[in-house]
Structure formats: structure tokens, C-alpha cells
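Enquirer: How does the following fold in three dimensions:
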Amino acid sequence: MVDHAQQLADRVWQRHNPRQRLIRFAVLLATVMVVFWAVRDIDIFWPWVWDAPNQISGLGARMWPPSGEGLDNIIGALIETVHIATLATFLTIFLALPVAYIAAQNTTPNRACLWLGRFILVSSRSVNTIIWALLFVAIFGPGVLAGILAIVFRSIGFIGKLMGEAIEEIDRRPVEAMEATGASKAKVIAYAVVPQVMPAFFAIVILRWDINIRESTVLGLVGAGGIGVILQGAIDTFAWPTVATILIAIIVLVLIGEAITSLLRSRVL
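Expert: Here you go, the predicted model:
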């Protein structure tokens with residue numbers, strides 16, 4: 001009995017058994033091989049990588065001190081950037097909510113509508129905002145309209161997916177109670193579904209508006225309006241002090257947007 005107790009005391013506890021350790025080692029080895037394969041095939045010019053610190057310090061020296069020249073134009077472009085994000089978010093609400101309704105399993109009219117809604121959501125999220133902007137610049141020409149539509153088409157997938165999940169998580173009892181009284185479909189949605197998803201709706205829209213402000217700052221790099229147009233022009237003309245001023249302005253704008261969204265979320269939720 002004493003020998004058995006001594007054997008138990010001498011046994012070393014191990015979190016994983018030999019089979020689990022072998023599987024974890026195989027996964028780690030496969031991950032390392034994939035990363036090595038990716039790094040080898042992207043053809044990095046390593047001398048430029050090693051010289052990057054010198055280039056960064058040189059660029060920083062050319063950008064300092066920031067220039068106040070054209071500050072009025074920069075402020076005007078920042079305001080335009082906010083307008084792009086705000087209008088795009090507002091338009092997205094009217095397009096994303098119907099898609100969310102048909103993409104939710106408990107509210108979709110039929111399977112065809114369910115898969116149509118999910119196809120729209122996946123398509124919207126699969127294409128980056130810059131790609132949407134390039135497409136709409138080619139269609140409508142350079143300008144704010146292309147930027148607004150690019151953000152709208154990108155935001156539909158974000159708002160629609162999260163709202164669809166919120167609809168699927170509602171309590172079914174109010175819905176069933178109203179259906180039992182013979183209420184119409186519109187009344188069931190208005191009085192049983194909408195009140196339950198309103199907190200999530202406001203939180204999602206506020207979050208997306210904050211994201212859209214960040215994304216609208218780079219749309220001008222492809223000609224879709226906003227502060228990015230001035231930034232691209234300053235880079236093309238090697239006006240590095242102006243570039244520094246624009247970057248500082250973008251950071252300040254993003255921080256203000258973050259503060260506003262935090263305040264709104266604390267008031268709404």
C-alpha cells in the first residue's frame with residue numbers, strides 16, 4: 001500500500017498525452033512550414049528591409065516640422081470626410097435592414113430569401129472598401145459619390161450580418177403571443193421584434209459610423225473624395241511637411257470620432 005502511494009506521488013503530471021503532443025507538434029511544424037513557404041514565395045527584397053530604419057529616420061526628418069500651409073483646405077477635406085462617412089452610414093441603414101430581415105432564420109419568408117440575403121452579406125464583406133471605390137470611380141468618375149457608394153456597399157455586409165444575428169437571438173415568446181392574437185406580420189415586427197433589437201441596432205450603427213470615418217480617410221487615394229485626395233497630392237509632390245500635417249489631422253479626427261462613439265454608446269446602451 002505504501003509502495004503504491006509512493007508511485008502515485010512520484011508520477012509527474014502532464015497536461016497532454018503522447019498522442020495530443022504529437023498532434024500539436026505536427027500542427028506547429030505545418031504552420032512553420034507554411035509561413036516559411038509564404039515568406040520565400042513573396043520575393044522580399046531584403047536589402048530594402050534592412051535599410052528601412054534609415055529610410056524611416058530620413059523621411060521623419062523631411063516631415064518635421066509639420067507645415068501649416070493649406071490648413072483651411074485640410075480642414076475642409078476633413079469635414080468632407082466626415083460627411084462621406086455619415087451619409088454612407090445613413091444610407092446603409094435603409095439597405096442593410098431588409099437584408100438582415102431576410103437573412104435571419106426566424107424572420108426570412110423562405111429558404112430562397114434566406115440564401116439571397118446571406119449571399120448579399122457575404123458579397124459585401126468579401127470586397128474591400130478600396131476595391132469598391134475603384135469600381136465606382138470607374139463608373140461615376142472621381143469624387144465624393146464614389147466614396148459614399150463604396151462605403152455603403154461595404155457597410156451593408158457589416159450591419160446586415162450583425163443585425164441578422166441580433167434578430168435570430170430575440171425571445172420568441174412575444175412574437176408567438178402576437179401571432180396567436182391574429183396580429184399582422186407588420187405589427188409583429190413593429191411590436192415584438194423591433195423593441196428587442198433596438199439596443200443592438202444603435203450599438204451596431206454607432207460602431208459602423210466610427211469604422212466608416214477611418215475608412216473614408218483613405219478613399220481619396222483612389223480618387224473617391226475626402227482627406228485622402230489632399231494626402232495623395234502632397235505625397236506625389238514630395239511635400240512631406242504637409243503630409244505630416246495631414247497625418248496629424250487624420251489622427252485627431254479618428255480620436256474625436258472614437259470619443260463621440262464612446263459617449264453615444266454609453267448614453268444609448
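
Enquirer: in this protein, which residue is closest to the centre?
Expert: When C-alpha atoms, centre = their mean is applied to the chain, the residue found nearest the centroid is residue 211 (6.0 Å).

Enquirer: Could you pull up the residues touching residue 257?
Expert: Applying C-beta atoms under 8 Å, 6 or more residues apart in numbering, we find residue 257 in contact with 209, 210, 213, 214. From N, CA and C alone the C-beta is placed, and that goes for glycine too.

Enquirer: And the strands in this protein?
Expert: Using DSSP state E, the chain contains no strands.

Enquirer: In space, what's closest to residue 174 - neighbours in sequence excluded?
Expert: Nearest residue to residue 174 in three dimensions, chain neighbours excluded: residue 192, at 4.2 Å (C-beta to C-beta, 6 or more residues apart in numbering).

Enquirer: Number of residues surrounding that neighbour?
Expert: For residue 192, the neighbour count with other C-beta atoms under 10 Å is 20.

Enquirer: Run through the residues that contact residue 121.
Expert: Listed by C-beta under 8 Å, 6+ apart, the contact set of residue 121 reads 99, 103, 156, 157, 160, 161, 164.

Enquirer: Was I right to think the second one contacts residue 114?
Expert: Yes: the pair formed by residue 103 and residue 114 meets the contact definition of C-beta atoms under 8 Å, at 6.6 Å.

Enquirer: sorry, back to before: point out the ones among the contacts of residue 257 that are inside helices.
Expert: When the contacts of residue 257 are checked against helices (DSSP state H), the matches are 209, 210, 213, 214.

Enquirer: how near is the closest residue in space to the last one that isn't next to it in sequence to residue 242?
Expert: Counting by C-beta to C-beta, 6+ apart, residue 214 lies nearest to residue 254, which is 5.8 Å off, once chain neighbours are set aside. Separation of residue 254 from residue 242 (C-beta to C-beta, to the nearest Å) stands at 19 Å.

Enquirer: out of these two, which sits in the busier spot?
Expert: Set residue 254 next to residue 242 and count neighbours by other C-beta under 10 Å: residue 242 wins out with 24 against 14.

Enquirer: where's the nearest residue to that one once chain neighbours are set aside relative to residue 65, distance?
Expert: Once flanking residues are discounted, residue 242 sits nearest to residue 234: 4.3 Å by C-beta to C-beta, 6+ apart. Residue 234 sits 15 Å away from residue 65, taking C-beta to C-beta as the criterion.

Enquirer: Residue 49 now?
Expert: Distance, residue 49 to residue 65, by C-beta to C-beta: 29 Å.

Enquirer: ok, now residue 186?
Expert: According to C-beta to C-beta, residue 186 and residue 65 sit 61 Å apart.

Enquirer: low-scoring stretches of the stretch 1-150 of the chain, by residue?
Expert: Scanning the stretch 1-150 of the chain with the threshold set as pLDDT under 70 gives 1-14.

Enquirer: try 90
Expert: 1-25, 35-85, 96-115, 117-118, 120-148 (pLDDT under 90).

Enquirer: Contacts only, for the residue nearest to residue 229 when sequence neighbours are not counted.
Expert: Closest residue to residue 229 apart from its sequence neighbours, by C-beta to C-beta, 6+ apart: residue 220 at 3.5 Å. Taking C-beta under 8 Å, 6+ apart, we find residue 220 in contact with 77, 147, 226, 227, 228, 229, 230, 231, 232.

Enquirer: Next one: the residue nearest to the fourth one when sequence neighbours are not counted from residue 177, what distance?
Expert: Closest residue to residue 227 in three dimensions, ignoring its sequence neighbours and counting by C-beta to C-beta, 6+ apart: residue 77, at 4.3 Å. Remark: distance between residue 77 and residue 177 (C-beta to C-beta) = 53 Å.

Enquirer: More neighbours: which of the two?
Expert: Taking other C-beta under 10 Å, residue 77 and residue 177 do not tie; residue 77 has more neighbours (22 against 12).

Enquirer: My guess is that one contacts residue 234. True?
Expert: No: using C-beta under 8 Å as the test, residue 77 is too far from residue 234 to be in contact (11.1 Å).
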